[in-house]
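Chemist: Predicted structure and sequence below. I'll ask about it afterward.
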Amino acid sequence: MTRRPERIVLTGFSGSGKSVVAPIVAQRLGWEAVDTDSLVEAAAGRSIADIFAHEGEARFRELEADAVRRACAPERTVVAVGGGATLRPDSRRLLADGGFVVCLEARPETVLQRLREGAAGDPLDRPLLAGPDPLYRIRELKAARQPVYALADHTVHTDGLSPEETAAEVAQAWEERSAAALAAPGRLEAIACPPADAPGGAACVVRTAGAACPVFVEWGGLSSLGARMRDAGLTAQAYLISDEDVFARYGMRAQAALEAAAIPVSSHTVPPGEASKSLETAAAVYDWLIEQRAERGQAIIALGGGMVTDLAGFVAATYARGLPLVHVPTSVLAMVDAAVGGKVGVNHARAKNAIGAFYQPRLVLADVSTLGTLPRRELSGWAEAVKHALILDAEMLAFFERHAEAVLRLDPEPTTEAIRRSVVIKAAVVSEDEREETGRRTLLNYGHTVGHAIEAATAYGRFRHGEADAIGMTAAAAISRRLGLLPPAEERRQRELLERFGLPAGADGIDRAAVVSAIALDKKVRAGAVRWVLLEGIGRAVLRDDVPQAVVEEALDGVLS
């Protein structure tokens, strides 16, 4: 049985309320409250401002790291850590080990107002906020630290909340995590339990500000499509979009399931392949919908792999300012990635997925048995599922290591379980960070920086998406090792598992300059700096925007030679 967390760690930027909220949470639980800033001042015998002024930031960070070690020694504590305490990898690991990490989030304007009104007085009294424009400095520092804050187990947005309301949310989140931990044998299983109000049979529910989308993962579930849509209230005319190959295999079955539920349906197909994910193809689908006199409230059904899911989703998001969307993914990549998360879009000639939107489906139905008719190379989508394990769940990686061959054979039970586990991880991240605003969802792009660049450099024609991402993950792991983040043994462990799934670690004959150019156009670039998703260990990903170009060049040498 998994041990429930006996420590709550409050992280976040200065002014988010950690020091005020920690004692309230501790009182609710009958625990002790600890503030690392207070421990630093007590140990040094002077204020933090004096430490900065006389000994510098480096000395303060040393004292802060020691304070983190002392704060994490006892159990049944609520630890409020300084705004920069989680910048050190050793401190992050210590805080996360056996603790439930909650980030208190607040807008920069809220932070500035709280600092002005707080006991510290004007923010100019805070060493890291000194300067003529404290709001700009807050934005700058907060943006730099956001990728680290995003690694928390839970986030509470405190704008408009009182300290008591914030504390109540923290305590409730801890109670829910504790109940799940006591009820399940491991982290993954705890996440995997669908909420009590989920529709019957749903693996999970993606919950965002504007929608709640149930996700069904079943072997042979295509026949239930009509019934699932009726349960979701989607009974009007439906428009099924697929590619020619997938429709030839499953189009009639999907239409029959809809007709059995008295849902009228019309179908449209596009040529298979990534080249169809374009504005030109989308325009052709718009023409067809206009000919069909499609109206708001009538659903679009995306039946197919990742290309169809992205393309049909983009059309649904933009036609008539939005039609209800249903995903019926038929490839590994579509099931574990494209169909869950609400990212829709098409490619530009120079950059993958450069044109798109966030648009949540109303329903996702993954029939795992449809994987049985995929060409062998299409199973490269397992790279995405392995990626989920590498960045967020070491237990799931061990599952893949135990069952790799059975999953590749598409044995029903382990294959369905592998898809379900991966979907649950993706859904949990998306529910927390729908639009990549806090940074946690960005972790899902592990390997994508180089992988997408390789796809763009080869005009989306040479590699399957999973193959390119496997090469990208190999490069990202090499960068992680070169920066001293990832032990060599864990880099080898990643490579060996990818090889067991028949995925490449590199490729030759690729225009290196084109890859470098495409990396510069990556969606994660901020202020000209590439934000790399790297590994600190199996199941622990981190964002870094300070990777030296020489390290990137060495990693590219390793995968492009």
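Modeler: That came through fine. No experiment lies behind these values; they were computed from the predicted model shown.

Chemist: what's the neighbour count on the nearest residue to residue 221 once chain neighbours are set aside?
Modeler: Closest residue to residue 221 apart from its sequence neighbours, by C-beta to C-beta, 6 or more residues apart in numbering: residue 367 at 4.3 Å. Any C-beta I mention is one placed from the backbone N, CA and C, and that applies to glycine too. The local packing of residue 367 (other C-beta atoms under 10 Å) involves 24 other residues.

Chemist: Correct me if wrong: residue 367 contacts residue 222.
Modeler: Yes. Counting by C-beta atoms under 8 Å, residue 222 is a contact partner of residue 367 at 4.2 Å.

Chemist: which residues do these two both contact?
Modeler: Counting by C-beta atoms under 8 Å, 6 or more residues apart in numbering, the residues touching both residue 367 and residue 222 are residue 328.

Chemist: partners of the residue nearest to residue 221 in the sheet?
Modeler: residue 218 (DSSP bridges).

Chemist: Could I get the full set of helices for the stretch 301-450 of the chain?
Modeler: 306-318, 332-333, 382-392, 394-408, 412-432, 448-457 (DSSP state H, counting those that start in this stretch).

Chemist: In a markdown table: these, plus mean pLDDT.
Modeler: Shown next, in a markdown table, are those (pLDDT from 0 to 100):
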| stretch | mean pLDDT |
| --- | --- |
| helix 306-318 | 96 |
| helix 332-333 | 93 |
| helix 382-392 | 94 |
| helix 394-408 | 93 |
| helix 412-432 | 91 |
| helix 448-457 | 92 |
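
Chemist: top helix in the protein by residue count?
Modeler: In the chain, taking DSSP state H as the definition, the longest helix is helix 48-71.

Chemist: Show me which residues of it are buried.
Modeler: Residues of helix 48-71 classed as buried: 48, 51, 52, 60, 61, 63, 64, 65, 67, 68, 71 (neighbour count, 16 or more other C-beta atoms under 10 Å).

Chemist: Could you list the low-pLDDT ranges of this protein?
Modeler: By pLDDT under 70, the weakly predicted segments of the chain are 1-5, 118-131, 147, 150-151, 178-199, 436-440, 522-528.

Chemist: The residue positioned nearest the centre of it and residue 429: what is the separation?
Modeler: Central residue of the chain (C-alpha atoms, centre = their mean): residue 441, 3.0 Å from the mean position. Per C-beta to C-beta, to the nearest Å, residue 441 is found 5 Å from residue 429.

Chemist: Likewise for residue 256?
Modeler: Counting by C-beta to C-beta, the gap from residue 256 to residue 429 is 35 Å.

Chemist: thinking residue 104 is in contact with residue 11, fair?
Modeler: Yes. If you go by C-beta under 8 Å, residue 104 and residue 11 touch, sitting 7.3 Å apart.

Chemist: shared neighbours of these two, anything?
Modeler: What both residue 104 and residue 11 touch, as defined by C-beta under 8 Å, 6+ apart, is the set residue 18.

Chemist: the more surrounded of residue 256 and residue 429?
Modeler: Applying other C-beta under 10 Å to residue 256 and residue 429 shows that residue 429 carries more neighbours, namely 23 against 15.

Chemist: Where do the domain boundaries of the protein fall?
Modeler: Annotated domains of the chain cover 7-183, 204-413, 446-560 [automatic domain parsing].

Chemist: Could you dump those domains into JSON lines and include distance to residue 419?
Modeler: Converted to JSON lines, those look like this (distance: least, C-beta to C-beta, whole Å):
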{"stretch": "domain 7-183", "distance to residue 419": "21"}
{"stretch": "domain 204-413", "distance to residue 419": "5"}
{"stretch": "domain 446-560", "distance to residue 419": "14"}
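
Chemist: Among these, which comes closest to residue 423?
Modeler: Taking C-beta to C-beta, domain 204-413 is the member of the domains of the chain nearest to residue 423, at 5.7 Å.

Chemist: what's the span of that closest one from first residue to last?
Modeler: Terminal residues of domain 204-413 lie 18 Å apart, using C-alpha to C-alpha, to the nearest Å.

Chemist: what do residue 441 and residue 429 both touch?
Modeler: Common neighbours of residue 441 and residue 429 (C-beta under 8 Å, 6+ apart) do not exist.

Chemist: residues contacting residue 355?
Modeler: Contact analysis of residue 355 by C-beta under 8 Å, 6+ apart lists 279, 314, 345, 346, 347, 348.

Chemist: Same check on residue 108?
Modeler: By C-beta under 8 Å, 6+ apart, the neighbours of residue 108 are 135, 138, 139, 142.
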